[in-house]
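Novice: sequence and predicted structure below; questions after.
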Amino acid sequence: MRAYGVTEGSGDDPMPLNPGAVSARLPRDSARRVLDRFRPNPRAGREIILVLLMLFAYGFFQQQPAWNEYSRYDLVRALVEDGTTRIDRFQENTGDKAFYDGHYYSDKAPGTAILGVPYYVLLQFSSGTVSPDQVTAVQALAFGVSGISTALLVLLLFRYLRSIVGEGWALAVGLGFAFGSIAFPFATMFFGHAASSFFLFAAFYLLSRWRMDGGTWRPVAAGLLSGIAVLIEIPVVLGVAVLAVYVLRLGRGPTWRFIAGGIPVALVLMTYDWLTFGGPFTLGYQYATLFGEQNRQGIISIVWPSLATTGDLLFGPRGLIRLAPWFLFALPGVGALRQRPIRSEVVVCIAIVALFLFYNSGALNPFGGWTPGPRYLMPALPFAAILVALVPSVLRPLVASLMAVGAVVFFIATATMPNAPEIYRDPLWELWLPRLINGDVADTIAWSRWGLHGLQPLAVFAAAGALATIALAATWRPGSVAGRLAGALAFVLVVLIGAFAFPGAPPSPVYLAPDGSSVARSTVTVVEVGATPVITADQRKVDIWAQVENRGSALADTTVVFTALALNGREIWTASYGAIDWGPGERKNLTITWDAAAIPDGAYRVETRVESEGLASVYSSLDAPGLVRIRP
């Protein structure tokens, strides 16, 4: 048998000089063709990478639950474990509760808890227990209900904008909303704002698509989604009212279908209120155990709006424009009213933003307690983002730079303690930055699952962000090589989500901390110690914190002692936690507050040690690497 070749440029298909190479090459070619067939187009690839990045970021930080979250969590437990809406067994963990007819109930709308039921059942199954640890459960519910909802909202925002302002600017605005607004911290917490904002915006998205493309079921689905938004947060009915006017202008057919879609959810809400509080229009806030006097004023604490409150909501230390200045450009975005094809949608956006600002300006507690910003405005923010996206092109670089500022601010907030207590007048300078500078960051799965402590987890976060940036850039490059790079990096992001963002405990402890301590110890070990001064107008304290892990077998009845010392070694103050048990591989973040009101200004050092009960032996001890400086 003779093998033939062809000369270069002959135009004929060459026959390989080595016939055996055919069998070696064909499988590779076939596999490549199969992969190419299932590889998404660049537009779909950008959507996938965007969603993966958000899921990673929203699951990465594990916030300590607040009363608001425990109230919703207690209702989840009551529904799943007891088959009732009464939270009598769990009510001690929250002050946000209602007392009616001799029983305790959550004072929140039931939608968040209803959405959380399947996640809680899954957590029960995966943990093998009827009642999983409550902090772990709330964090898992936050990821499932708030994190996923926010990721889907940003995806819809991106899809809506790209046909109007172009792919690149739509992506920039989507990222700005995802990371440069209060959507970021609330995506990590089990409040109702993230989910209700998603369902409201999803209803708007479907109605706008119906106006362009038609579709019998889109108004029905929009009505259903609008109803769910109200089932989660009652005030979102303001936005639904605007959508109702919008759909009314689209015709009687879509209007009736919109109403039909919302009726089943309205019946669910009225049935819940009737069974729980004795009437279909009775709300839990009417029986709240706290803030009763406040809730009796106006319409459940909503009175006539105040311009001073409006100014504080926008420009105060926790104000929307102060923390995310790019939202200021919603004003020039109003000029898009001149664009006839989208005029109706622009009117909807303006109406929703104005209506929520008007409503929030009349709240007696406009920020809602411990919060990173004006949380009652959250349902309006995607619509404000649309207005920002519609600014003249010449303003886009400035808007993008301000989005970056907002992203930095809300990264610092989310990475430390977004639920800023009200004692902090300016949480950015009094709480968030001091915590970050002193390494006092929020819990992360990087710590609890992998042992990365201090600021080490932030390196993982930065690496994931860099990989996502490269992957997004690759989707704009032509050629199969760029496509394969984007696909490979997307797969890496999936792995990182499973390792560092998806809630749940590993089957056995893993140690990745690059501190030279890879050999397992037989006792608990203090791996990081720090101190964050808390100096406000009303207090002068120091939060001393430690990260402690047990790399050995179970250990019971230990005492963790925190000590403040003068530079000469003299003990200034000491306090401890007693009777602390440690499971194999367990890791804890422990914080204690040193009241330094009577302490002279100066430098001090702090120490944390783990001792046996009765202080018979010391298992581990560690000094903070730097000095604590107390100033007026």
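Specialist: The structure has been received and is ready for your questions.

Novice: rest of the way, CA atoms for contacts and neighbours
Specialist: Noted.

Novice: show me the contacts for Asn365.
Specialist: Residues in contact with Asn365 (Cα atoms under 8 Å, 6 or more residues apart in numbering) are Ser301.

Novice: residues near Ala597, how many?
Specialist: Neighbour count of Ala597, defined by other Cα atoms under 10 Å: 14.

Novice: do Ala404 as well
Specialist: Neighbours of Ala404 (other Cα under 10 Å): 20.

Novice: next up, identify which helix or strand it is on.
Specialist: helix 396-415 (DSSP states H and E).

Novice: helices or strands up against that helix?
Specialist: Under the contact criterion of 3 or more Cα pairs under 8 Å, 6 or more residues apart in numbering; DSSP states H and E, helix 396-415 touches helix 167-179, helix 183-186, helix 320-323, helix 433-437.

Novice: quick check, Ala183 in contact with Gly176.
Specialist: No. Contact criterion Cα atoms under 8 Å: Ala183 and Gly176 do not qualify, at 9.9 Å.

Novice: dump the helices and strands packed on helix 396-415 to JSON lines, plus mean neighbour count, mean pLDDT and distance to Val220.
Specialist: Formatted as JSON lines, these follow (neighbours: other Cα atoms under 10 Å; pLDDT from 0 to 100; distance: least, Cα to Cα, whole Å):
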{"stretch": "helix 167-179", "mean neighbour count": "23", "mean pLDDT": "97", "distance to Val220": "27"}
{"stretch": "helix 183-186", "mean neighbour count": "28", "mean pLDDT": "98", "distance to Val220": "27"}
{"stretch": "helix 320-323", "mean neighbour count": "23", "mean pLDDT": "97", "distance to Val220": "34"}
{"stretch": "helix 433-437", "mean neighbour count": "19", "mean pLDDT": "94", "distance to Val220": "47"}
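
Novice: any idea how far the helix holding Ala404 is from the middle of the chain?
Specialist: In terms of Cα atoms, centre = their mean, to the nearest Å, the centre of helix 396-415 is found 16 Å from the chain centre.

Novice: show me the contacts for the residue nearest the centre of the chain.
Specialist: By Cα atoms, centre = their mean, the chain has its centre lying nearest to Ala187, at 2.0 Å. Neighbouring residues of Ala187 by Cα under 8 Å, 6+ apart: Tyr58, Ala142, Phe143, Ser146, Gly147, Ile148, Ser149, Thr150, Ala194.

Novice: residues near the residue nearest to the second one when sequence neighbours are not counted, how many?
Specialist: What that stands for is Ala142. Closest residue to Ala142 apart from its sequence neighbours, by Cα to Cα, 6 or more residues apart in numbering: Phe190 at 4.2 Å. The number of residues packed near Phe190 is 31, by other Cα under 10 Å.

Novice: and Phe190, helix, strand or coil?
Specialist: Under DSSP: H, G, I helix; E, B strand; the rest coil, Phe190 falls in the coil class.

Novice: so it sits against Ala137, correct?
Specialist: No. Contact between Phe190 and Ala137 fails when scored by Cα under 8 Å: they sit 10.1 Å apart.

Novice: now the residue nearest to the centre of the chain: phi and psi?
Specialist: Backbone torsions of Ala187, given as degrees, to the nearest 10, read phi -70, psi -10.

Novice: which residues of the protein fall in strands?
Specialist: Per DSSP state E, the chain carries strands over the ranges 61-62, 97-100, 103-106, 443-444, 524-535, 540-550, 555-565, 571-582, 587-595, 602-612, 618-623, 628-630.

Novice: run through who's touching the fourth one.
Specialist: Identification of contacts with strand 443-444 by Cα under 8 Å, 6+ apart yields Phe60, Phe61, Gln62, Gln63, Gln64, Pro457, Phe500, Asn589.

Novice: nearest residue to Leu355 other than its sequence neighbours?
Specialist: Using Cα to Cα, 6+ apart and skipping the chain neighbours, the partner closest in space to Leu355 is Leu238 (7.1 Å).

Novice: tell me if I'm right that that neighbour and Phe358 touch.
Specialist: No. With contact defined as Cα under 8 Å, Leu238 does not reach Phe358; the gap is 10.6 Å.

Novice: could I get the contacts of strand 443-444 as JSON lines with neighbour count?
Specialist: What follows is these, written out as JSON lines (neighbours: other Cα atoms under 10 Å):
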{"residue": "Phe60", "neighbour count": "29"}
{"residue": "Phe61", "neighbour count": "28"}
{"residue": "Gln62", "neighbour count": "26"}
{"residue": "Gln63", "neighbour count": "27"}
{"residue": "Gln64", "neighbour count": "16"}
{"residue": "Pro457", "neighbour count": "25"}
{"residue": "Phe500", "neighbour count": "23"}
{"residue": "Asn589", "neighbour count": "16"}
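
Novice: now those as CSV including distance to Lys108 and pLDDT?
Specialist: Below are the contacts of strand 443-444 laid out as CSV (distance: Cα to Cα, whole Å; pLDDT from 0 to 100):
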residue, distance to Lys108, pLDDT
Phe60, 26, 96
Phe61, 24, 95
Gln62, 22, 92
Gln63, 20, 93
Gln64, 19, 90
Pro457, 34, 95
Phe500, 31, 94
Asn589, 30, 91
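
Novice: tell me which of those residues is nearest to Gln286?
Specialist: For those, the closest approach to Gln286 (Cα to Cα) belongs to Gln64, at 27.5 Å.

Novice: spit out the contact partners of the closest one.
Specialist: Val135, Ala442, Asp443.

Novice: kindly recompute the last result at 7 Å.
Specialist: Gln64 makes no contacts at all, as judged by Cα atoms under 7 Å, 6 or more residues apart in numbering.

Novice: contacts for stretch 580-593, please.
Specialist: By Cα under 7 Å, 6+ apart, the residues outside stretch 580-593 that reach it are 448, 509, 541-559.

Novice: quick check: buried residues in it?
Specialist: Residues of stretch 580-593 classed as buried by neighbour count (16 or more other Cα atoms under 10 Å): Trp582, Pro584, Gly585, Glu586, Arg587, Asn589, Thr591, Ile592, Thr593.

Novice: go on, stretch 572-581?
Specialist: Gly578.

Novice: hmm, back to that, any idea which of the strands of the chain is most buried?
Specialist: strand 61-62 (a mean of 27; mean count of other Cα atoms under 10 Å).

Novice: check which helices and strands that one sits against.
Specialist: Using 3 or more Cα pairs under 7 Å, 6 or more residues apart in numbering; DSSP states H and E, the elements in contact with strand 61-62 are strand 443-444.

Novice: thank you, goodbye.
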